[in-house]
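**Student:** got a sequence here, can you build the structure:
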Amino acid sequence: WFISHWWGMHFNLTVKSILNHAKQIGEDMRYWVCTFSNNQWKMSEEIPPLAPPSESSFYKALRSPSCLGSCMILDERVVPLSRAWCLFELLQTFLIQ
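**Tutor:** Numbers count the residues shown, from 1 in each chain. Modelled structure (predicted):
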């Protein structure tokens, strides 16, 4: 599963949301979270400024045959729906279907 979230959410709430998702699915799940997949100190290397979005690890993870779907972590203000990368991830999720 691909986790879509925004960085301003407290980490413990993100983990709690993922655990709730895993309980609902009822299986042993694997999750892709950008925070753990990208070098956060070298983002220009992870996502080169002039590279198309399809070269990003976000796109590649979403399009991976092992990705079962997306799980967007929302807060009470639904901030992810105002973030460009979260909207990109949401769009990719719809295009895959």
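**Student:** would you put the C-alpha positions of the biggest helix by length in the chain in CSV?
**Tutor:** If you go by DSSP state H, the chain has its longest helix at helix 11-25. C-alpha atoms of helix 11-25 as CSV (Å, rounded to 0.1, in the frame of the first residue of the first chain):
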residue,chain,number,x,y,z
PHE,A,11,4.0,11.0,13.3
ASN,A,12,2.0,9.1,16.0
LEU,A,13,-1.2,10.0,14.2
THR,A,14,0.2,8.8,10.9
VAL,A,15,1.2,5.5,12.5
LYS,A,16,-2.2,5.1,14.2
SER,A,17,-3.9,5.7,10.9
ILE,A,18,-1.8,3.0,9.2
LEU,A,19,-2.4,0.5,12.0
ASN,A,20,-6.2,1.2,11.6
HIS,A,21,-6.0,0.6,7.9
ALA,A,22,-4.1,-2.7,8.4
LYS,A,23,-6.7,-3.9,10.9
GLN,A,24,-9.5,-3.1,8.4
ILE,A,25,-7.7,-5.0,5.6
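**Student:** other SSEs contacting it?
**Tutor:** Helix 11-25 sits against strand 70-72, with contacts defined as 3 or more Cβ pairs under 8 Å, 6 or more residues apart in numbering; DSSP states H and E. All C-beta spots, glycine's among them, are computed from the backbone N, C-alpha and C.
**Student:** quick one: contacts of the strand it packs on?
**Tutor:** When contacts are defined by Cβ atoms under 8 Å, 6 or more residues apart in numbering, strand 70-72 is touched by residues 1-5, 17-18, 21, 31, 62, 80, 86, 89-90, 93.
**Student:** next, the buried residues of the longest helix of the chain.
**Tutor:** 14, 17-18, 21-22 (16 or more other Cβ atoms under 10 Å).
**Student:** what's the average pLDDT for that helix?
**Tutor:** Mean per-residue pLDDT for helix 11-25: 93.
**Student:** put the alpha carbons of the helix or strand following it into CSV.
**Tutor:** Using DSSP states H and E, the helix or strand that follows helix 11-25 in sequence is helix 34-37. Extracted C-alpha coordinates of helix 34-37, given in CSV (Å, rounded to 0.1, in the frame of the first residue of the first chain):
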residue,chain,number,x,y,z
CYS,A,34,8.1,8.5,1.3
THR,A,35,9.6,9.6,4.6
PHE,A,36,11.4,6.3,4.8
SER,A,37,12.0,5.8,1.1
